[in-house]
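Chemist: This is the structure alone, sequence omitted:
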């Protein structure tokens, strides 16, 4: 049976040039793999300053990364598919009031995170009014083992699944594919590094929270606490992102206890959300 041809693709009558330019940059990153600012400006027919502002927004949202030579590469958010988890909208809506109250109480930025394979996805951010604060992280996709929320969720996994996600066979060399270590696409570790990682996850599970100290961003630390449904399954995490100058203060202070109290409130509201049946899936690496 012959397929019906698709309609002719037409340029919109009211085209937003800045949006179109941002989408063209995404296409260039996808197809070329690396892009210089000068080349981006030339392709768009804009001033370098305009191309720089657009690229800066793509970096901010995780669609691009910049290496030490100031070349732009596809970011972690560009190559990932949809989370395919329809429950996350209700989950986010139920968590939001608790997160806003926690942000107001602590004066720190609060994020809602889920894990998809070896990735941590930021569903929502409650920002504080503090002058010195960490910004909005909604929509970002980062390696789970580097983030506080990702680590506390990974701590729930059995060792066999952690091995699938992170243990590199002894006879396989490490393949460097990212512009910086934080964006390597091969997240697997040699046996020694893996054992240390598993030990850190066990410690996080024991104390009930995980930390990230400048592993994903210079000058930023974070604390993560798991959110469980009525069955005891960790379906997400709340994280508090803090300037590194306040990290030790919070490590010794009340922040984690305040987060745990907020999570108990969230867990009452989200008790009936099943979450994903693929919590132990190692499909996305």
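Modeler: Ah, there it is. Predicted model only: the values in this text are computed from it and were never measured.

Chemist: quick one, strands of the stretch 101-250 of the chain?
Modeler: Listed in chain order, the strands of the stretch 101-250 of the chain (DSSP state E, counting those that start in this stretch) span 109-116, 119-126, 141-143, 210-213, 220-228, 234-243.

Chemist: For residue 27, see how far away the nearest residue to residue 24 once chain neighbours are set aside is.
Modeler: Leaving aside its sequence neighbours, residue 24 sits nearest to residue 44 (C-beta to C-beta, 6 or more residues apart in numbering; 6.3 Å). Backbone N, C-alpha and C define where each C-beta goes, glycine included. Distance of residue 44 to residue 27, computed by C-beta to C-beta, to the nearest Å: 11 Å.

Chemist: Those two - which one has more neighbours?
Modeler: residue 44 (19 against 10; other C-beta atoms under 10 Å).

Chemist: What helices and strands are in contact with the longest helix anywhere in the chain?
Modeler: Secondary structure assigned by DSSP state H gives helix 88-106 as the longest helix of the chain. Applying 3 or more C-beta pairs under 8 Å, 6 or more residues apart in numbering; DSSP states H and E, we find helix 88-106 packed against strand 109-116, strand 119-126, strand 234-243, helix 255-269.

Chemist: I'd like those as a markdown table, with mean neighbour count appended.
Modeler: Converted to a markdown table, the helices and strands packed on helix 88-106 look like this (neighbours: other C-beta atoms under 10 Å):
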| stretch | mean neighbour count |
| --- | --- |
| strand 109-116 | 26 |
| strand 119-126 | 23 |
| strand 234-243 | 25 |
| helix 255-269 | 17 |
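
Chemist: Can you add distance to residue 211 and give the ones you listed back as a markdown table?
Modeler: Output for the helices and strands packed on helix 88-106, formatted as a markdown table (distance: least, C-beta to C-beta, whole Å):
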| stretch | distance to residue 211 |
| --- | --- |
| strand 109-116 | 14 |
| strand 119-126 | 14 |
| strand 234-243 | 10 |
| helix 255-269 | 9 |
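
Chemist: Now mean pLDDT too, for the ones you listed, in CSV please.
Modeler: Shown next, in CSV, are the helices and strands packed on helix 88-106 (pLDDT from 0 to 100):
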stretch, mean pLDDT
strand 109-116, 94
strand 119-126, 91
strand 234-243, 97
helix 255-269, 98
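
Chemist: Please identify which of those is closest to residue 90.
Modeler: For residue 90, the closest of those is helix 255-269, at 9.8 Å, according to C-beta to C-beta.

Chemist: contacts for the closest one?
Modeler: For helix 255-269, contacts defined as C-beta atoms under 8 Å, 6 or more residues apart in numbering pick out 94-95, 98-99, 101-102, 105-106, 108, 208-209, 223, 225-229, 238, 240, 242, 250.
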